[in-house]
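Undergrad: Provided below for reference: sequence and predicted model.
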Amino acid sequence: MKQPELGKKISEMRKAKGLTQEELVELCNLNVRTIQRIEAGEVTPRSYTIKALFEALGAKMENIEAENSPDYPKSLIPWLYTGFGAGLIYFFLSYFDITMEIEWMEGSYTNPLTFGLVKAGVLITFSLFLFGLIKMAVAFPNKVLQIALWVMLIANGVWYSIDLISLATSSFKLEDYYIIKLGTFGLGYGFIGAGFLCYKNLWSNIPQILGGLGIVSGILIFSVVGVLFGLIPLTMFEIGELGFLIWGIIKIGRRSSPDSTFAAELQS
């Protein structure tokens, strides 16, 4: 919280406790002039000064931050859990899919039913995973990331539908368009990575790390020749996305809980 909102909040808390500025001084070992200037919004106190004031007033900094953060609809939580669960399943299915694709194009894997079931599973789970991330980009506004995730969601639907059609018919083969498919997904991952880079002051610097991993993996996949090397940063990137969903579930869940409000803290 910044000034002058911080000063107003401290003043409100002090009055709610029935304390004068002089009485507050005795509780937190600050001088009256300092408290006067803070409450008037004339100065921005250091973090340890804010902590001392909050403790003297019987509140916690976390509760103040929660009170001034956006209200998230509880309907987001099921989508985030769904996205996380689907993401876990997709994480493992995708490696079966990649292995089967290579063996299929080499002619050493010939079971179209099993291959098709894996691809259908990837289509569904990756779509739900992406939709969970889209909900995160809405809750923690990021237009670039939203657009990138929607682009990837559409690309996933198109290409995996084509894969399923190719397995069910003899009109065309997976290897006929595989390079184009890789290039599309490479661009998609790079775009999502750029979206994560747009986050500022959110979850420390982890979104920036995720952004870098997404861009690197996207470039390597787009190059085709670097696909196998790209799987390393891609794995780290997708684990990070799962972690991003967990962070969102915890943060939104805590903010949505009535017991976490500042009012409840003051009443305790």
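TA: The structure has been received and is ready for your questions.

Undergrad: please count neighbours and contacts with C-alpha atoms only from this point.
TA: OK.

Undergrad: just the helices in the protein please.
TA: Assigned helices in the chain, in chain order: 5-16, 21-28, 32-39, 47-56, 61-67, 76-106, 112-139, 143-168, 174-197, 206-222, 227-256, 262-267 (criterion: DSSP state H).

Undergrad: tell me the most buried of those helices?
TA: helix 206-222 (a mean of 24; mean count of other CA atoms under 10 Å).

Undergrad: for it, packing partners?
TA: helix 174-197, helix 227-256 (3 or more CA pairs under 8 Å, 6 or more residues apart in numbering; DSSP states H and E).

Undergrad: the nearest residue to residue 125 once chain neighbours are set aside and residue 76, how far apart?
TA: In space, and not counting its chain neighbours, residue 125 is closest to residue 86: 4.7 Å by CA to CA, 6 or more residues apart in numbering. Separation of residue 86 from residue 76 (CA to CA, to the nearest Å): 15 Å.

Undergrad: quick one on the thing from earlier: tell me how far the residue nearest to residue 125 lies from residue 130.
TA: 9 Å.

Undergrad: cool, and residue 14?
TA: Counting by CA to CA - residue 14 and residue 130 are separated by 46 Å.

Undergrad: kindly report the same for residue 49.
TA: 42 Å.

Undergrad: now do residue 227
TA: For residue 227, the distance to residue 130 (CA to CA) stands at 21 Å.

Undergrad: swap in residue 95?
TA: In terms of CA to CA, residue 95 sits 17 Å off from residue 130.

Undergrad: again, but for residue 109
TA: From residue 109 to residue 130 the distance is 29 Å (CA to CA).

Undergrad: repeat for residue 79
TA: Taken as CA to CA, the span from residue 79 to residue 130 is 11 Å.

Undergrad: just for the stretch 151-268 of the chain, where's the confidence low?
TA: 255-268 (pLDDT under 70).

Undergrad: nearest to residue 135, of the helices and strands packed on helix 206-222?
TA: helix 227-256 (9.6 Å; CA to CA).

Undergrad: could you say what helices and strands that closest one packs with?
TA: Short answer (3+ CA pairs under 8 Å, 6+ apart): helix 227-256 packs on helix 76-106, helix 112-139, helix 206-222.
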